[in-house]
Structures are given as C-alpha cells and as structure tokens.
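Novice: pasting the sequence and the predicted coordinates here, then a few questions.
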Amino acid sequence: MNLVTLSYAQYFGLFVSLSVVIYLLGKGVPPIKSVLSFLSLLLAAYLFTTLQSTGQTTLLLLNFTFGIDILTKFFVWMTFGIAIIVSFVLVSNKELSPTFHALYLINVIATVFIFLSRDLISFFLAWELMGWTTFAMIISDGWTDKLKAARKYFVWSAIGAYFVLIGFAILISQTGYYQFEPILAHIGTIPTGWLIFAVALLVAGFGVKAAMMPLHVWAPDAYSESPHEFTGFFSGVLSKAGIYGVFMAFFYFAARFEAFNMLRIHGTSIFGYIMVWIGAITAFGAALIATNQEYGKKLLAWSSVSQLGYIIFAFGIADSLGMTGALAHALAHALFKSMLFIIMAAVIMRTGTDHLPSLGGLIKKMPLSFIFAVVGGLALAGIPMTIGFTSKWIIYEAGIHGGYIFTTTLIFAASTAAFLYYYRFVYSVFLGPLHEEHKEVKEAPAYYWISYILIAIPIFYFGLYPGKLLAIISKILDTYDLPSLQTYTATTVATPLGTFNGLLIGLGFGAALLVGLILYLIGGRTKKAASPTDKYLASEVVTNEFELHYAMDFYKFLERELHGILKISAQKFYEFFEEIVRFTADLNRKLFFCGNGQAYLYYLTIILTILIFAIWRINL
Amino acid sequence: MAKEKAPKGIKGWAQGRSLWMLHFCTGCGAIEMPPTMTSRYDMERFGITPMATPRQADLLLITGYLTVKTLKRVVRSYEQMPDPKYVIGFGSCTVNGGMYWDSYNTIKRLDLYIPVDLYIAGCMPRPEAIIDSFTELIKGIKEGRFDGWIRYRENIEFYKRNQAMVMDIRKWSLDTELAERIWNEVQEERKKRFERATVPHVYELAERIPEGLPK
Amino acid sequence: MNAIGIQIGWIIFMPILVIIMGLLYLGAARKITARVHNRYGPPIYQNIIDVIKLFSKKRATNHGVMFSLGPIMAFSGLLISLMFIPIGNKALLSFNGDIIVLLYLLVIAPLGMALGVGEGANPMGTIGIARALTLMLGYEVVLVISALSVMLYTGSASFMKIIEAQSGGVGHWFLWPLFLSALAMDMALQGVLGEKPFDQPIAPHEIASGPMVEFGGKYLGLLQLYHAVAIVVETGIMVNLFLGGGTLFWWFVKSFTVFFIALLINAVMPRFRIGQAFKFFWTYPAAISLLGLILVAILK
C-alpha cells in the first residue's frame, strides 16, 4: 500500500516548492544544498511509483491530462536513474551555487513531465521549462565566459520550440482538440498536406534537441560549457527528450495515418527515408569531427551528436528491428555517455583542465576512473558483452535488412571513427607519460566511482542478457501497436539475418582471457621499468622537459586527407546566413533611415504620387 | 639465490636458432651488414633478423669503433634488452681500438664496458667472417657457453666503474641508485689521484685496465 | 551428449591448430619473401622457434598493469573471434553469431593492444596506433561494403548460411557473381593484414616497429601468437564469404592462397605514406566495392 497518493499537480508543485527550499536553504547553509537536491530526487523517484496511471488537472480553463504507460516508464526511469547518479556525484562538488541545485531539480521534474504529459499544451510547457532551466544552469556559475554557448543553445531551443509550437497549433486547429487521445481519434480528418507539414515541423523542432544535423550546432558548445557533472545528464538524458518527441510525432500520430504511409521509397515512408539519411550523415560527420577535437568535453559532445544520429537513423527505418534498435540505443547512449562525462568531470576536478595534450598518464593516479573509462569506451565502440553492441548490432541488422546500403555503410564508418576518437580520448587523458604538474593528483572521490559502478552494472547486464532489454522494448512497441522484435530469449537475439548470443560471447571471452593469462604466466618473469624515462627512444635519455605526450594533432594525417569534408560546416552556413540577413537589414537601414532630408522628400513624393494615382484610379 | 645459468635444452636451441639482432651501426662496419642480410649471404636462413628496438633484440652487434658519446647509448641499449642477451664486437676497433688506438675520444676495449661474447677480428671483417661468428654463436648458445648477461649482472660494479671512467653513468644507467653510488666513489678516487696534477684532467684516457678481468 | 563432447573437443583443438597453422603461415611468408628476394630464407617453422624463444626470455620490461594486460587482451580477443568464424565447415560457436559479431569481436584485440601500448607511453608506439586506427577507418569501409554485398546477395548475415549457399563446387563460389566485391575485399585485406604497401603502423625504419616498440620477451610472444591467429581469421573471412569455405584441408589451402597473394604484393612493394594509404582505400577499393554493391542491389 502506498503511504501517500499525490495527484500530478501536487507532485509537480511539491518539487517546484522543494527547489525553492533548496535555493533558500542553500543560501543560508551551503553544504545542505547538494544533499537536499539528491534526497529530493530520491523522493521524486519514490513518489513517481505512487502516481496513478492517469490524471487530470484543470488550470485556467485548460484541462491538462497526464498518464503513465510503459514507454513513459522507460524514459522516466532512465531520467531518474541518470539524474540521481549525477546528483549523487554533485554531492561532492562544493562549488556549484544553490541556484544551480534548485534549477537542476526543476529541470529533472520538467523532463519527467514531458514524458508524463498526455496533451499538447502541458507537453509544450514542460518542454519550455526544461529548455529554460537548462539555459539558466549553463550560465549559473561564471556566466560571462559561457554566455556565447548558452546564447546559442537558447536561440536554437527557441527555434525548435517555434517549430514545435506551429506543429502543435496545426494539430489543434485541424482537429479541435489538444489532448493526445482525441487527436489520435480524429487524425484521419486532417488533410494530408497539413499533417505532413505538421509532422515535418515537429520532427525538426524535436530534432533540434536531438542534435540532428544540420540543427546540431548548439550541441557541442552547450555540452562542453555546461557544469561538468551536469553534462552527463544533459547529454545522456535531455537529448532523449528530443528522441521521445520524434517518436511521439512520428509513430504516435503520423504512422497511424494511412495516407501518410502512401508516399514510399523502398517500402518506407519518404519521411523515414529522409530521417535515415539525416541520421547516417549526422552519425558519420559528427564522428569525423570528433576525431579532430583537442578538448575532452568537446570530443565527447561531438560523439554524443554522432550517437544520436544512430537513433535517428534507426527510427527512420521504422520496422521492428529499427524501432527496437533505436530505443535500445537511446538507453545505451544515456548510460555510457553519462559515464564518460562523469569521468571527464572527475578528471577536470582533479587536474583542472580537459585540454587533452595537457593531461596524460593519469592511469597511475586514477586507476578506477581509467577502468571505467575503458568500460564506457567498450560500450561506445560497441564491443560485444556491453549494451552498446546489443543496440548497434540491431541497428546494423535493421539497415542491412531494410536494404539501406549506403547509409548502413556510413553508420559502419561512423562506428569505426568512434573507435578512433575514443582511443584519442582515453590515451590522451589516462595513458601516455604523466605530466610533472599532475604528480600529486589523487583518485576521484568515492561519490564518483560508486556512480561509475552503478552505471556499469546495466551496461554489462544488458550486454550479456540482451533479451532482458528487448523484452521491455517489445512490450513498449506492442503497447503502441508498432512492429516489435519477438525472436529473442534471455541471452540470444535473432533477426532475419543472423543471431547473437551475449552470454556465450561473455563466457567465451572470459575463458579466452584465462587462456591468455595462463600463457602469460608460463612465460619468463618480467621486471618493472626502472623509471618513467626507461623507454626506447633511439637509445636516448629523454626526460620530462621534452614533450613526449603524443596528443596534439593526433590524427593530423586524417585531417589532412579529409580536409574537403571537414570544411563543410553547418556553423559556417548559419554564419553565412546571418551575414545575408545582416546585409539586407543594413541595406534597409541605409535606404530608409539614412537621415538625409532630400531622400525622405523623394520617398514622400513617390508615395504621394502613388497615392494620388491610386485615388485617381479608384475615383474613375 | 642460485646462480643463473645460460639456457640449455629446448630453450637454448630456440634461443640459438632465433637470434634477433640490434645492429648498432657505429663505425664503418655497418657497410658489411647489407650484403650479409641480402641475397648473397642471407643471414635470415639462421633465423637472424634485424630488429628495430632493444626490447625485442637478443643480440647486440657493435659494428666498429665506439666513441665515448656512442658508448653511452650502447650501454643504455644493452641494459634495455631482455635476458638472455649476447654481444658481438665487430672489427678490430672493438678488440683493441684498431686504427683508433691512439684516439682521445674512443674506447679501445669493448669488454671493459659491456660483456662481449664474441669478437670478429679484421678491418673490415668480410661477410663470411660475420656468418662464421653467427654459426659459432648459435653453436655456443646451444651448448650454454655464452653467458655475458650473467657476467654483467654479477660484476656490475666492475663494469659500472669502468663506464664511470669515461661517461656520466648517472644519466645513462637504468639502475640509477647503483650508478649514483659508484659515480660518487669514482669521483672521490679521481679527486685523490689528480690532487697533485697541475692541469686538471677533465677526461681520463679510457683504458686504465684494472688487474684481473672478471671470469 | 556425444555430439556436445565432440564440439567441445573441436573448441579446444581448433585454436591450437590455428595457432600452429598461423605460425607456419608466417614462416612460409618469410620463406616466400626470401625466395622472391632471391634468398634462401629461414626454415618454414622459424616462427614457432621464435615464439618458444620469446616465451623463454626473462626480464622483459614491464611498464604497468595495463601494459601486461594489453597483449593478453589482444590474444584472447583473437581467440574469441576465432570461435565465431567457421573453419573448415566447423562452426565452433558461430551458429550463435554472424559477420557483424565477428567484425566487432575482431576489434577487441587491437583495442587491448592499443591500451597496452598507451601505458608504455612511448610516442612512437602511439604514432603507430594512430596510424593503425587511421588505416582501419580506411579499410573497414571497404571490408564492410564488400561483406554487405554478400549479405544482400544471400539475405543472411550468418556465415553458415553463406557457406551453404556456395556449396556445390567451384562454380557456386560467390567469387564469380560478386567478383567486384571480392576484388575490393582482397584489396582491403592487404590493409587488414598489414602487408606492404600498408604496413605504416609497423614501419620499423620510421617509428621503430610502432606499437611493438616497448614490447619484448613474452609480451612480444603473445603478440606473435595474436598475429598468427589474426592472419588465419582475417583470410578466413575472405574464404568463407567468397571462396565457399570447404573441408578443413581445403579451407586452409584457400586461406593460404589468399595470404599468398597478399605476400607477393608485399614482397615487391614499398610503403605508402599513411595519408596516401587512407586516401587509396576511400577511392579505388571503395569505388569498386560500391559498384559491386550497387550491382547486387540492382540485379537481385
């Protein structure tokens, strides 16, 4: 039995007021703010389980509808899971302001309400609340240097929001309802053109949040400038709100509509086809750009853009494999990317920088962080035994099965590039020679590595038992009458193309590791390197005054060859666009606000002539 | 700890039949290596291949005279090689200085500084001579005759002391503690010896042969 | 019960066989290269001697835990990938996996090695890894496109089904209908095997054997075993996809033939610059394999 039963409005109100409490108490008693925000999130997660499956609230003549189904649960638990872990890590950070903690709580609750809402208006309000609080959090500490990234994020969020708003307005005006259920019932009455227009706007609007190319330009800056621990949540979960939006717009509304599915290329709707291409280009392009980043957070940010491209790609395919792969990858990305960002935060906390060439050799000082950076990297690169492989494998099979030959190739190349940038990251931070100034660096506090372990458990669990994840996803897809993958057991997944057994690979690799270890022990004994400079460098003694960390221009040769591709930049296009707008505006200003009396006289004469002429014509 | 022995049996056989060589091309002897490697003499038929780094090498080939400057690098390379390791001194220069017998900056006897297992006499030794030394080395390794690295470890003080006469072993040795100690001792001795000298000798002539070479 | 016992027997026996065969391949490679260079060359079992020697060496320098773990992980990664490729029509565990699983399992080994090299902290090793990864980005695309065309052609990604579809003699090999893809994959294999002109990651004369620069003794021994297994597995992909698999004997004959072609190119070629190698893979072989893929997509 539940001890308390809250309505949705009370739930929302409770945590908004709690955030005010955190803000006020945090001002007075500083250490309490982070603990309080952590406890509030735990409470939020608990109270979420007590919520009724549907609920309504009337406010200002509007009837807000909320509901919980299995898709909601999937996303909400993902949100709460990462949010609580990030909040747990934040307990050790004393520097963040109470404003940040208060906003963080509202942000998480707003994100949860995006998933809970069952009408367009509350959805949009929650969406905006999430965007605003994120903006405020980016600038909450040290706002002058972060203003550029934050402003970019804000402008793009606003553009996305306008798209969403127009899309919603079309749906509401055409059906006359704003709740999901009646819209769905009346979706057949909307003219095809309007519906396609609306869905296109919605996908574009949500695509901004999901960092879909070419709407991604805000993401690398915003991710790398936001508070370090928070970035795990920002990149891991908030982007999933965009994915959820795309899912709702696309499959909840549009896919039910027969006329919508008439436009087909290759057996998929034309929308899906466009999304496949956008997703593949996003995944590939962002991965290539990520290989050339010199700052850790930027590298991971571009990697996020690339991984979100996979999800968009899989959504576009929209058969049972594609849908399953997309949702699985949404979870996988949330897990490993938040892990890597938290590790990056730990490194920044200990060394004060994420500039890759200035780091290095931290494996000796932060071994636990290194181990989990490898775990996160295994999942990112999609090595079997981790959740990353489960999802990526299904996405590939979907691409091949659907016959998307070029895009699947791009996705494969993106995956290889993921391997490249991941090695650049882990080498530059943890491997290589230790810098003199990092001699005293210590391992990250327990808050950090407990959170690593918490994230690592599902990464391996769903990698070894992919069926457990697919069971959840199949249930979601069945609820929404979408094609779902049924051919799986706890450890194996089968597609029309092939099968794969997670546990068997895990056990086999364990056995192989044992064989390798035995062989290693058979061999003669080794001796420890006499000193850090005991290296073969053409028989020369090279000490620390020389830069031995090969981290600057890591893939210079690649950059040189790909110069043509890397030159194409959406950012530059927007800047060009901005230039044009500025130029025309300037021209306007020069014409009409030139301050020249003679010119004004001319204009006046012309207008008067036209007026007289018009009046004369009318009189005739 | 029991005295380490040179590998015998299958280990010795494998060691002999698969010598990976680091040819330290110091002097003119290096010019004899290409014909030895290529189609005329083809040393790969004995399983001998050149390697790029001392970590992978079993055999250090010193092809010619060693100046004090190169000796430092040779010592470091030798110490970086894993055991068992063998050294071949190539040409007269490594035996007794050869045509550089009165040079101020070359060492004359290589085995005062690192243990040499085989010498190839001649100026220059022909590839036939090199091949002959390789076959001799292979035979000797199989029988367990060559144990240079064991001698080096057991007489490390002797070698380090000799090295300290000509070079700064503190920087170039892997075992820095030992090197530091011996370096200080040698400096003390040196100070005593040159107390009465009017001209301060910065460099001592290389060979001040101590009594009794290590067995 | 009996069938399971035989299966387990094969699972234990096959790696030993493949390691020995791989080492013999390497020995034969040295012999053949020597004959091309008009030399006599070492005995064919030379690499087995090398491995015994490397494992018997003492006091190889150890730079840390990950440094030791790297070669172990490389070797074990290859062993597990070996289980997922049918060798001589023997599906060890490969009825539980497909081509994509294999391609991803093959990544474990280089990753392990790369991490080990990283802790060695030798810039030359890291340059080698950076080159190897760049090369990988080059050939992986070609390899995948070629594999994709086979998958599209048969409608399956399972090795066993692909081999089955090719049963019935030389005429049924996919080499003939998918000639362009096979050609492209052979070009990619040159890079996968790291034979010249694509040996930039090793390049003994530029970066002192690259990733291997700090590895000696048994570390190098493990890496030699890794290399030996890798050659068999990598040529095996080509054999299974285009040359119809075959019984154990014929499988190894075919696999060696694929390796032999790579060797002959290796024996007479200089080395590309890494940028050129990358560009090469993304131009000609990629174009050929894409053409092959388009033909399959149209004709099917």
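Specialist: That came through, no problem.

Novice: neighbours around residue 115, how many?
Specialist: All of this refers to chain A. By the criterion of other Cβ atoms under 10 Å in any protein chain shown, residue A:115 has 25 neighbours. Where C-beta positions appear, they are placed from N, C-alpha and C, glycine not excepted.

Novice: not quite, go with chain C.
Specialist: A total of 25 residues lie near residue C:115 under the criterion other Cβ under 10 Å.

Novice: what about residue A:181, neighbour count?
Specialist: 12.

Novice: right, I mislabeled it, should have said residue A:404
Specialist: For residue A:404, using other Cβ under 10 Å, the count is 24.

Novice: near chain A, which residues of chain B?
Specialist: For chain B, the residues found near chain A under the criterion Cβ under 8 Å from any Cβ of the partner chain are B:53-55, B:73-74, B:76-77, B:80, B:171-172, B:174-176.

Novice: write the ChimeraX selection for whichever of these are buried.
Specialist: With 16 or more other Cβ atoms under 10 Å in any protein chain shown as the criterion, this ChimeraX line picks the buried residues out of those:
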select /B:53,54,55,73,74,76,77,80,172,174,176
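
Novice: any chance of the residues of chain B next to chain A in a markdown table, with secondary structure too?
Specialist: Below are those laid out as a markdown table (DSSP: H, G, I helix; E, B strand; the rest coil):
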| residue | secondary structure |
| --- | --- |
| B:53 | coil |
| B:54 | helix |
| B:55 | helix |
| B:73 | helix |
| B:74 | helix |
| B:76 | helix |
| B:77 | helix |
| B:80 | helix |
| B:171 | helix |
| B:172 | helix |
| B:174 | coil |
| B:175 | coil |
| B:176 | helix |
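
Novice: make a markdown table from the residues of chain B next to chain A and add distance to residue C:252 and pLDDT to it.
Specialist: Formatted as a markdown table, the residues of chain B next to chain A follow (distance: Cβ to Cβ, whole Å; pLDDT from 0 to 100):
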| residue | distance to residue C:252 | pLDDT |
| --- | --- | --- |
| B:53 | 33 | 88 |
| B:54 | 36 | 88 |
| B:55 | 33 | 88 |
| B:73 | 45 | 88 |
| B:74 | 45 | 89 |
| B:76 | 45 | 88 |
| B:77 | 40 | 88 |
| B:80 | 39 | 87 |
| B:171 | 53 | 83 |
| B:172 | 50 | 85 |
| B:174 | 45 | 85 |
| B:175 | 49 | 83 |
| B:176 | 52 | 84 |
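
Novice: and the residues of chain B next to chain A as CSV, adding distance to residue C:240?
Specialist: Shown next, in CSV, are these (distance: Cβ to Cβ, whole Å):
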residue, distance to residue C:240
B:53, 37
B:54, 41
B:55, 37
B:73, 49
B:74, 50
B:76, 48
B:77, 45
B:80, 43
B:171, 55
B:172, 53
B:174, 48
B:175, 53
B:176, 54
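
Novice: what about chain C: which of the residues of chain B next to chain A touch it?
Specialist: Restricting these to those touching chain C (Cβ under 8 Å from any Cβ) yields B:53-55, B:80.

Novice: biggest separation within the residues of chain B next to chain A, which pair?
Specialist: Across these, the longest distance by Cβ to Cβ is 21.3 Å; it joins B:53 and B:176.

Novice: all the helices of chain B, residue numbers only.
Specialist: Secondary structure of chain B, counting by DSSP state H: helices at B:9-17, B:33-37, B:68-80, B:92-96, B:127-143, B:148-154, B:156-166, B:169-172, B:176-193.

Novice: if you compare these, which one is most tucked away?
Specialist: With neighbours taken as mean count of other Cβ atoms under 10 Å in any protein chain shown, the helices of chain B reach their highest mean count in helix B:92-96, at a mean of 22.

Novice: please state the offset of it from the chain centre?
Specialist: 11 Å (Cα atoms, centre = their mean, to the nearest Å).

Novice: got a list of contacts for it?
Specialist: The contact list for helix B:92-96 (Cβ atoms under 8 Å, 6 or more residues apart in numbering or on different chains) reads B:27, B:29, B:62, B:64-66, B:89, B:98-100, B:106, B:108-110, B:116, B:119, B:121-123.

Novice: which among these end up buried?
Specialist: For the contacts of helix B:92-96, a neighbour count by 16+ other Cβ under 10 Å gives the buried set as B:27, B:29, B:62, B:64-66, B:89, B:98, B:100, B:106, B:108-110, B:116, B:119, B:122.

Novice: so who does residue B:113 touch?
Specialist: Contacts for residue B:113 (Cβ under 8 Å, 6+ apart) come out as B:71, B:74-75, B:107, B:159, B:162-163, B:166.

Novice: could I get the helices of chain B as TSV with distance to residue A:250?
Specialist: Shown next, in TSV, are the helices of chain B (distance: least, Cβ to Cβ, whole Å):
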stretch	distance to residue A:250
helix B:9-17	65
helix B:33-37	66
helix B:68-80	62
helix B:92-96	79
helix B:127-143	73
helix B:148-154	70
helix B:156-166	74
helix B:169-172	67
helix B:176-193	66
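
Novice: ok so, going back, so which of the ones next to chain C among the residues of chain B next to chain A is the closest to residue A:23?
Specialist: Using Cβ to Cβ, residue B:55 comes nearest to residue A:23 of these, at 59.7 Å.

Novice: contacting residues for the closest residue to that closest one other than its chain neighbours?
Specialist: If the residues on either side of it in the chain are set aside, residue B:55 comes closest to residue C:216, at 3.5 Å by Cβ to Cβ, 6 or more residues apart in numbering or on different chains. By Cβ under 8 Å, 6+ apart, the contact list for residue C:216 reads B:53-56, B:81-82, C:57, C:60-61.

Novice: try 6 Å
Specialist: B:55-56, B:82, C:60 (Cβ atoms under 6 Å, 6 or more residues apart in numbering or on different chains).

Novice: which of those residues fall within strands?
Specialist: residue C:60 (DSSP state E).

Novice: quick check: the two most widely separated of the contacts of residue C:216?
Specialist: Applying Cβ to Cβ across those, the maximum distance is between B:56 and C:60, 9.4 Å.

Novice: check the residue nearest to the spatial centre of chain B and give its pLDDT.
Specialist: Centroid-nearest residue in chain B: residue B:114, 4.2 Å away (criterion: Cα atoms, centre = their mean). At residue B:114, the model reports a pLDDT of 87.

Novice: touching, it and residue B:77? I think so.
Specialist: No. Here residue B:114 lies out of contact with residue B:77, judged by Cβ atoms under 6 Å, at a distance of 9.6 Å.
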